[in-house]
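Asker: Dropping a prediction and its sequence here:
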Amino acid sequence: MGKTETTPTEIIRMISAEATRLIGPWPSNLDIFVFRVDDSWECLITPTNNPTEAKFRDVALQIGLSLERSFKLRV
């Protein structure tokens, strides 16, 4: 059985929903970008100097890493 096919929007929702569940509402100034690169996905999260946003970014990166195998995601 192959990898699960999904959309960038679904991956973004998974990451932001889990981060929201863990630490609260997603900051409006923090963006997640997911795009196709060859046969995998690339995930980028905007850099920030804001300590609250940085906490979300760190958590979101960890969540992205946990999705790497399931969705061929590079964080």
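Answerer: Right, received. Where do you want to start? Residues are numbered from 1 along each chain as shown.
Asker: what's the closest non-adjacent residue to residue 75?
Answerer: Nearest residue to residue 75, sequence neighbours excluded (C-beta to C-beta, 6 or more residues apart in numbering): residue 64, at 3.8 Å. (Glycine included, C-beta is placed from N, CA and C.)
Asker: hang on, I meant residue 8
Answerer: residue 34 (3.8 Å).
Asker: Next, the one you found: phi, psi?
Answerer: phi -130, psi 130 (degrees, to the nearest 10).
Asker: and it, how many neighbours?
Answerer: Neighbours of residue 34 under the rule other C-beta atoms under 10 Å: 22.
Asker: Tell me the bridge partners for it.
Answerer: Per DSSP bridges, the residues bridged to residue 34 are residue 43.
Asker: residues touching it, list them.
Answerer: Residues near residue 34 by C-beta atoms under 8 Å, 6 or more residues apart in numbering: 8-9, 11-12, 41-44, 73.
Asker: And those, which is closest to residue 21?
Answerer: residue 12 (14.8 Å; C-beta to C-beta).
Asker: Check which helices and strands the helix or strand encompassing that closest one sits against.
Answerer: In the assignment (DSSP states H and E), residue 12 maps to helix 8-23. Applying 3 or more C-beta pairs under 8 Å, 6 or more residues apart in numbering; DSSP states H and E, one finds that helix 8-23 makes contact with strand 32-37, strand 40-45, helix 51-66.
Asker: and if we set it to 6 Å?
Answerer: With contacts taken as 3 or more C-beta pairs under 6 Å, 6 or more residues apart in numbering; DSSP states H and E, helix 8-23 sits against strand 32-37, helix 51-66.
Asker: For it, give me every contacting residue.
Answerer: Residues from elsewhere that reach helix 8-23, judged by C-beta atoms under 6 Å, 6 or more residues apart in numbering: 26, 32, 34, 56, 59-60, 63-64.
Asker: Would you quantify the distance from the residue nearest to residue 75 to residue 48?
Answerer: In this view, residue 64 and residue 48 are 16 Å apart by C-beta to C-beta, to the nearest Å.
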